[in-house]
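Trainee: kindly return the folded structure for what I paste below:
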Amino acid sequence: MLQGLIDFAQSLGAALATLLPTLCYVSGSFMLLGSVWGYYSRSKGENGPANSPFVCAALFFAGATFLSFPTFLNVGNQTLGFSGTAGLSSSATAVKFSASDLTAAVSQGPIATLTAILNIFQYYFMCYGAFWIYVSIMRQIGSMKGRNNTSTSVNLCMIVGGFLVMNADTVAPALVKQLHLLSS
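Mentor: Below you'll find the model as predicted:
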């Protein structure tokens, strides 16, 4: 039963790992084209939120970010002090977890058990966190264009939260130790 849950989480992670590059390449390409179109429309005298120089520049930088999304994620990880690396490929190997592995982790204490469980789902957490970073950037661009009313601070919190989810196998045990929620 546990192996079925692990396989399901890895299937979700693999689906996100296939969907996210597609979304990044399509969104990034359209944002670059939208930026060029916005500058062109502005030069012809058209006005509006999508034609402001700030929005056009933001579209350009967001498009470039999406077209180099793994680099953006890796720089964000390094900036926040994490060692995880990201790539736009679904080449993760299947995780096999046996009852003896769980017994060994349990015998080492609750934090070792938590770390072992989070390591099993690491691929899913990496993809899910990267997906929410993508969503938050898209929300911010939509806000700048006047399509939604989300605040920049919420989107920045979503980006930081996405990086924390991507590194859940590092963050959760450190947080549990720091807050003294579990004994070693």
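Trainee: name the residue closest to the centre of the chain, please.
Mentor: Nearest to the geometric centre of the chain sits residue 130, at 1.4 Å (CA atoms, centre = their mean).
Trainee: count of neighbours near residue 54?
Mentor: Neighbour count for residue 54, taken as other CB atoms under 10 Å: 9. Every C-beta, even on glycine, is put in place using the N, C-alpha and C of the backbone.
Trainee: hang on, I meant residue 166
Mentor: Neighbour tally, residue 166, other CB under 10 Å: 27.
Trainee: again with residue 103
Mentor: For residue 103, the count of nearby residues is 10 (other CB under 10 Å).
Trainee: residues contacting it?
Mentor: Residues counted as contacts of residue 103 (CB atoms under 8 Å, 6 or more residues apart in numbering): none.
Trainee: convert the C-alpha atoms of whichever helix or strand it is part of to PDB, please.
Mentor: According to DSSP states H and E, residue 103 maps onto helix 99-107. The C-alpha atoms that make up helix 99-107 are tabulated as PDB, following Å, rounded to 0.1, in the frame of the first residue of the first chain:
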ATOM      1  CA  ALA A  99       9.400  -2.000   5.300                       C
ATOM      2  CA  SER A 100      13.000  -2.600   6.400                       C
ATOM      3  CA  ASP A 101      13.900   1.000   5.200                       C
ATOM      4  CA  LEU A 102      11.000   2.400   7.300                       C
ATOM      5  CA  THR A 103      12.000   0.300  10.300                       C
ATOM      6  CA  ALA A 104      15.600   1.500  10.100                       C
ATOM      7  CA  ALA A 105      14.400   5.100   9.900                       C
ATOM      8  CA  VAL A 106      12.100   4.700  12.800                       C
ATOM      9  CA  SER A 107      14.800   3.200  14.900                       C
END
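Trainee: from residue 20, how far out is the residue nearest to the centre of the chain?
Mentor: 6 Å (CB to CB, to the nearest Å).
Trainee: shared neighbours of the two, anything?
Mentor: residue 69.
Trainee: how about the nearest residue to residue 66 once chain neighbours are set aside, phi and psi?
Mentor: Nearest non-adjacent residue to residue 66, counting by CB to CB, 6 or more residues apart in numbering: residue 28, 3.2 Å away. The phi and psi values for residue 28, taken as degrees, to the nearest 10, are phi -60, psi -40.
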